[in-house]
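Trainee: using only what follows, build the 3D model:
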Amino acid sequence: MVNNYCPECKVLCGEKFCWRCGKESVSAIVKCPHCEADVSVIGAFCGNCGKPIQEAIQEHLKRGRGGEKSGNAV
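Mentor: Residues are numbered from 1 along each chain as shown. This next block holds a predicted model:
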């Protein structure tokens with residue numbers, strides 16, 4: 001079982017595809033752009049350094065949906 005997230009349903013799912021809508025899920029873990037710690041996509045702040053991570057999460061979800069990477073976000 002993997003730790004994934006469905007950007008469509010906004011739920012954690014343990015498989016490659018969402019159990020709720022059937023669409024492909026993305027990794028539920030993203031790197032904090034400030035300290036490089038692993039953080040959850042359902043958080044708003046890094047648990048390691050306390051800085052905001054919303055921009056990094058948006059970039060991660062955008063790439064997971066097949067979007068282009070923009071800027072320096074992880």
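
Trainee: which strands and helices lie in contact with the helix or strand bottoming out on mean pLDDT in the chain?
Mentor: Using mean pLDDT, DSSP states H and E, the weakest-scoring helix or strand in the chain turns out to be helix 54-64, at a mean of 88. Identification of packing neighbours for helix 54-64 by 3 or more Cβ pairs under 8 Å, 6 or more residues apart in numbering; DSSP states H and E yields strand 26-27, strand 29-31. Yep, even glycine has a C-beta here, placed from its N, CA and C like the rest.

Trainee: now the first one, how far from the chain's geometric center?
Mentor: What that stands for is strand 26-27. Here strand 26-27 is found 6 Å from its chain centre; the criterion is Cα atoms, centre = their mean, to the nearest Å.

Trainee: picking up where we left off before, would you mark the buried spots in the least confident helix or strand of the chain?
Mentor: By neighbour count with 16 or more other Cβ atoms under 10 Å, helix 54-64 contains the buried residues 56, 57, 59, 60, 61, 62, 64.

Trainee: still on that earlier bit, tell me which of the helices and strands packed on helix 54-64 sits most buried.
Mentor: strand 29-31 (a mean of 18; mean count of other Cβ atoms under 10 Å).

Trainee: partner strands of it, parallel or antiparallel?
Mentor: Applying DSSP bridges, strand 29-31 is found paired with strand 38-40 (antiparallel).

Trainee: give me the pLDDT for residue 27.
Mentor: On pLDDT, residue 27 comes in at 92.

Trainee: quick check: the closest residue to residue 64 other than its chain neighbours vs residue 58, distance?
Mentor: Distances taken as Cβ to Cβ, 6 or more residues apart in numbering place residue 26 nearest to residue 64, at 3.0 Å, with adjacent residues excluded. Distance, residue 26 to residue 58, by Cβ to Cβ, to the nearest Å: 12 Å.
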